[in-house]
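Student: Quick one, what's the 3D model for this:
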Amino acid sequence: MNRLFAFFLKTLPRPFLIRMSYWIRPVLACYLKGNRFTDPIDQQSFRKFLPYGYGKQRQNVLAPGTLSLERHRLLWLYLTKETDCFTSSKKVLHIAPEQCFLSRFKKQGRWDYTTADLHSPIADVKADICKLPFQDNQFDLVLCNHVLEHIEDDKQAMRELYRVLRPGGLGIFQVPQDLLRTNTYEDPTIKSAKERAKHFGQYDHVRIYGRDYFDRLRSVGFEVSELDYTKDMAAEQLRRYCLSKGEILPVCTKK
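Tutor: Model (predicted):
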């Protein structure tokens, strides 16, 4: 099953995978019911989570009910426990909306919620992140997770995220990050899917971000808090929710 899952990830177009998952997800959730792991997003528990990864697959990371990964569950816990995002009125922009959040965010009665992406079949607005079709200072909350590593001109994308966030607003822009690297590794001459997978870990990535990622965000104007939200979590909580110890949340604000 693991090999078949990896084959689908590597060979099928992402929009098709998104559509297909709506049919497969309920079956997997029923089959894998149990008590070992819990997804905090829907509070369902399972005997195992699914593996995930384009290269070496990580075991027990993809929750069958919501299809959330470690980063999604971490973000959900942070938004739920540490912010007023779900208890106050917000104008929200969600770039490349994740399935695990989409229906729940749409049901937020206090939100004016807009999703945008260039290719996703579940986004409201077809938009290039480097040229967003929104006014300046428009959104209270901007979410853009695991997108910037796909964008060749990531600085321009960051400028656009900064432009549309209102002063005092909150932005969270997670990326895959190698915290052992001081500097981001990128090479614009690497174009082929095969070479990008070899150098950057995935066929459609154009860089591996290092610790300087936070300074890239600061360079366009954001104030950035490098939040290790797992630092004070109990080991049992990390295990139960299948979180990645030491993952940093880049929590951004605009003056």
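
Student: what separates the residue nearest the centre of the chain from Gln57, distance-wise?
Tutor: For the chain, Asn145 is the residue whose C-alpha lies nearest the centre (C-alpha atoms, centre = their mean; 3.3 Å). Separation of Asn145 from Gln57 (C-beta to C-beta, to the nearest Å) stands at 20 Å. For glycine as for every other residue, the C-beta is placed from the backbone atoms N, C-alpha and C.

Student: cool, and Tyr113?
Tutor: For Tyr113, the distance to Gln57 - C-beta to C-beta - is 32 Å.

Student: Could you tell me which other helices and strands the helix or strand harbouring Leu93 packs against?
Tutor: Using DSSP states H and E, Leu93 sits within strand 90-95. Where contact means 3 or more C-beta pairs under 8 Å, 6 or more residues apart in numbering; DSSP states H and E, strand 90-95 is packed against helix 99-106, strand 111-117, strand 139-144.

Student: Show me what the mean pLDDT comes to for the longest one.
Tutor: The average pLDDT within helix 99-106 is 95.

Student: picking up where we left off before, the residue nearest to the centre of the chain touches Glu70, doesn't it?
Tutor: No: Asn145 lies out of contact with Glu70 (C-beta atoms under 8 Å); the separation is 11.7 Å.

Student: Asn137: neighbour count?
Tutor: Asn137: 14 surrounding residues under other C-beta atoms under 10 Å.

Student: The chain should start at 25 in everything you say after this.
Tutor: With the count now opening at 25, the last piece we talked about shows up as Asn161.

Student: Now do the helices in the stretch 175-279 of the chain.
Tutor: For the stretch 175-279 of the chain, the helices defined by DSSP state H, counting those that start in this stretch occupy 178-188, 217-224, 237-243, 259-265.

Student: Okay, the residue nearest to Ile153 when sequence neighbours are not counted and Gly225: tell me how far apart.
Tutor: Spatial nearest neighbour of Ile153, excluding adjacent residues (C-beta to C-beta, 6 or more residues apart in numbering): Ala181 at 4.5 Å. Note on Ala181: its distance to Gly225, by C-beta to C-beta, is 20 Å.

Student: re earlier: please convert the helices of the stretch 175-279 of the chain to TSV, extending it with mean neighbour count and distance to Leu203.
Tutor: Output for the helices of the stretch 175-279 of the chain, formatted as TSV (neighbours: other C-beta atoms under 10 Å; distance: least, C-beta to C-beta, whole Å):
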stretch	mean neighbour count	distance to Leu203
helix 178-188	20	18
helix 217-224	14	16
helix 237-243	18	9
helix 259-265	14	17
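
Student: which regions of this structure sit below the pLDDT cut-off?
Tutor: Applying pLDDT under 70 to the chain flags the ranges 25-47, 49-50.

Student: let's see it at 50
Tutor: Scanning the chain with the threshold set as pLDDT under 50 gives 25-26.

Student: Let me see the domain layout of it.
Tutor: Domain ranges of the chain: 26-92, 95-277, per automatic domain parsing.

Student: all strands of this protein, in order?
Tutor: Along the chain, the segments classed as strands by DSSP state E run 57-63, 68-70, 74-76, 82-86, 114-119, 135-141, 149-150, 163-168, 189-196, 209-210, 231-232, 247-251, 273-277.

Student: List the neighbours of the first one that are in contact with it.
Tutor: Strand 57-63 is contacted from outside by 68-73, 84, 87, 89-90, 92, 97, 264-266, using C-beta atoms under 8 Å, 6 or more residues apart in numbering.

Student: Now list the buried members of these.
Tutor: Neighbour counting with 16 or more other C-beta atoms under 10 Å marks 68-70, 73, 84, 87, 89-90, 92, 97, 264-266 as buried within those.
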